[in-house]
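Participant: dropping a prediction and its sequence here:
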Amino acid sequence: MILLLSIIFLGLLLFGAPIGLAMGVAGTSYFIFSGQEMFLTQLPHFVFNGLDSFVLMAIPFFLLAGEIMDRANISQRIVHFSNLLVGRFAAGLAQVNIMTSMLFAGITGAALGDVAALGKIFIPAMEKEGYDKAFAAAVTAASSLIGPIIPPSIVMVIYCATMELSVGGMFAAAIIPGIMIGVSQMIIVYILAKRRNYPKHETTFTPREFAVSFKNASLAIFMPVIILGGILSGLATPTEAAAYAVVYALVISFFIYRSLNVRDLPDMILSAARGSAKLFFILAFIGIMSWVFGFESLPADLRDTVLASVGNPIIILIILNLFLLFVGMWMTEGPAILLFAPIMGPLAVSVGLHPFSWGVIMVLVLVMGLITPPVCLVLFATADIAQIPMQKVLKAILPLFLANAVVVVLLNIFPALTLWLPGVFGFL
């Protein structure tokens, strides 16, 4: 019956049905065709269970905080500060692009948000300084993948709600991998800059200018510090920390930056509400699918079958990673985690990975799908901003894609990279 459920689900997706609706119809069809009609009366209960997690209340607040900071036009302040930090290195403006994405990740937490906010700034500026437009678009697209990794990350919250894990521990586990992605991309850009004679970004500054830039940028950068500090110290739950972040974002946007006014509030709240509703619609119907998977013992059966037929943990990890990359080519990371984390998680744990380690790997591999055809939402968005064919961006992004792949390999081989900080903060 799981095969029939999968056929119905994939068929609806191919016909363009929303993923939440496809999950609901496929899950309901299981009860009808498997002779389990008695459970149909429990469907509202299953749907409610999909949303019955306190940590999910943090998602609307995270979305609203990111919406406020995005509309407050803080990106220019972060760009200026990043330029003072790394602009004088080889391919300086490309390095600034990546550094800004690392700092911006703690505010938006989404790859497409990063591209939308920074693509229109960096792509024209890099082209003006003599960079190939495809390379400028590729750096922007690749660096945007840092957004869902460096906390706070909505995708990480979804993973924790699905797997019933500590959000604080998950955030701590993602910090080092997020930095590794940014550093690896900066190294690739540096190597390419030397080979292709890309220009340095001429930048001079006085100590006073640096202090002013740091003050302006630090007010924005301090928001993820509030969130992480509250969660990791145990002083606040993820939901409370997200609510504090909203208050902080409102205060600095209205009273310090003065870049927003009261008329902007309804639109920002509505936008965050729409984003939350889309996600919660999927979360509700994944409750049906999760119950079906548990009833059919699918995670345990898959684990036992793979362990019996393959046995070698390294090969199993390779299979899991490649499968996730394939899934990421077709689905965005949120729905993919909801659907596959409960199935693949027990298998990853059985070959020696901690749930935190596997969560970071899972999110990283899935977001790599955002720059991998055929769907590749980030590539299409970046190519549209650059006004060049997507194929040119795809060719230029390959070295940066390989840099991300190297980080994935290292995380699989050395899970301590993800477990050190959770251990320091007492989450293990």
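Facilitator: That came through, no problem. Keep in mind that what you see is a predicted model, and the values were worked out from it rather than measured.

Participant: how about the nearest residue to residue 376, chain neighbours excluded?
Facilitator: Distance criterion CB to CB, 6 or more residues apart in numbering; nearest residue to residue 376, sequence neighbours excluded, is residue 370 at 6.4 Å. Bear in mind the C-beta positions are built from the backbone N, C-alpha and C, glycine included.

Participant: roughly how far apart are that neighbour and residue 93?
Facilitator: 23 Å (CB to CB, to the nearest Å).

Participant: contact partners for the residue nearest to residue 376?
Facilitator: The contact partners of residue 370, taken as CB atoms under 8 Å, 6 or more residues apart in numbering, are 111, 144, 145, 328, 332, 333, 376, 377, 378, 379.

Participant: for the stretch 251-400 of the chain, give me the ranges with low pLDDT.
Facilitator: 299 (pLDDT under 70).

Participant: could you redo the last one with a cut-off of 80?
Facilitator: 257, 259, 279, 282-283, 286-311, 330-332, 374-377 (pLDDT under 80).

Participant: any idea how far the host helix or strand of residue 279 is from the chain center?
Facilitator: Using DSSP states H and E, residue 279 sits in helix 265-295. Here helix 265-295 is found 16 Å from its chain centre; the criterion is CA atoms, centre = their mean, to the nearest Å.

Participant: C-terminal to that helix, what's the next element?
Facilitator: Next along the chain from helix 265-295, counting by DSSP H and E, comes helix 298-309.

Participant: tally up the residues packed near residue 114, please.
Facilitator: 28 (other CB atoms under 10 Å).

Participant: list the buried residues of the helix holding residue 279.
Facilitator: 268, 271-272, 275-276, 279-293 (16 or more other CB atoms under 10 Å).

Participant: quick one, that helix and helix 298-309 angle?
Facilitator: 60 degrees (axes from the mean of the first three to the mean of the last three CA atoms, to 10 degrees).

Participant: phi, psi for the residue nearest to residue 376 please.
Facilitator: phi -70, psi -20 (degrees, to the nearest 10).

Participant: ok, the one 4 residues further on next?
Facilitator: In this entry, residue 374 is assigned phi and psi values of phi -90, psi -20 (degrees, to the nearest 10).

Participant: give me the low-pLDDT residue ranges for the stretch 51-200 of the chain?
Facilitator: 51-56, 66-67, 69-93, 100, 103-122, 125-126, 128-130, 197-200.

Participant: ok, residue 148 to residue 159 distance?
Facilitator: Residue 148 is 10 Å from residue 159, by CB to CB.

Participant: kindly report the same for residue 126.
Facilitator: 34 Å.

Participant: find the residue at the geometric middle of this protein.
Facilitator: residue 148 (2.0 Å; CA atoms, centre = their mean).

Participant: residue 378 and residue 137 touch, don't they?
Facilitator: No. Assessed by CB atoms under 8 Å, residue 378 is found out of contact with residue 137, at 10.2 Å.

Participant: relative to residue 23, how far out is residue 4?
Facilitator: Relative to residue 23, and taking CB to CB, residue 4 is found at 14 Å.

Participant: more neighbours: which of those two?
Facilitator: residue 23 (29 against 13).

Participant: excluding sequence neighbours, find me the nearest residue to that one.
Facilitator: In space, residue 23 is closest to residue 285, 4.1 Å off (CB to CB, 6+ apart).

Participant: surely the one you found touches residue 21?
Facilitator: Yes. Residue 285 is in contact with residue 21 according to CB under 8 Å; the separation is 7.4 Å.

Participant: now name the helix or strand holding the residue nearest to the centre of the chain.
Facilitator: Counting by DSSP H and E, residue 148 is found in no helix or strand.

Participant: that older thread, now do the shared contacts for residue 148 and residue 159.
Facilitator: Joint contacts of residue 148 and residue 159 (CB under 8 Å, 6+ apart) are residue 363.

Participant: look up how far residue 345 lies from the residue nearest to residue 23.
Facilitator: Residue 285 is 20 Å from residue 345, by CB to CB.

Participant: what's the burial count for residue 416?
Facilitator: By other CB under 10 Å, neighbour count at residue 416 equals 12.

Participant: so how far is residue 345 from it?
Facilitator: From residue 416 to residue 345 the distance is 19 Å (CB to CB).

Participant: residue 345: neighbour count?
Facilitator: Counted with other CB under 10 Å, residue 345 comes out at 22.

Participant: for the residue nearest to residue 8 when sequence neighbours are not counted, give me its contacts.
Facilitator: Once flanking residues are discounted, residue 8 sits nearest to residue 26: 4.4 Å by CB to CB, 6+ apart. In this structure, residue 26 makes contact with 5, 6, 8, 9, 12, 289, judged by CB under 8 Å, 6+ apart.

Participant: go ahead and confirm the last one touches residue 339.
Facilitator: Same thing as residue 289. Yes. Contact criterion CB under 8 Å: residue 289 and residue 339 qualify, at 6.8 Å.

Participant: which residues are common contacts for these two?
Facilitator: Between them, residue 289 and residue 339 share the contacting residues residue 23, judged by CB under 8 Å, 6+ apart.

Participant: looking at it, residue 104 is touching residue 115, isn't it?
Facilitator: No. If you go by CB under 8 Å, residue 104 and residue 115 don't touch, sitting 10.5 Å apart.

Participant: list the contacts for the residue nearest to residue 23?
Facilitator: Per CB under 8 Å, 6+ apart, neighbours of residue 285: 20, 21, 23, 24, 27, 47, 50.

Participant: swap the cut-off to 7 Å and go again
Facilitator: Contact analysis of residue 285 by CB atoms under 7 Å, 6 or more residues apart in numbering lists 20, 23, 24, 27, 47, 50.

Participant: against residue 338, how distant is it?
Facilitator: 9 Å.

Participant: having no further points to raise, I will conclude here.
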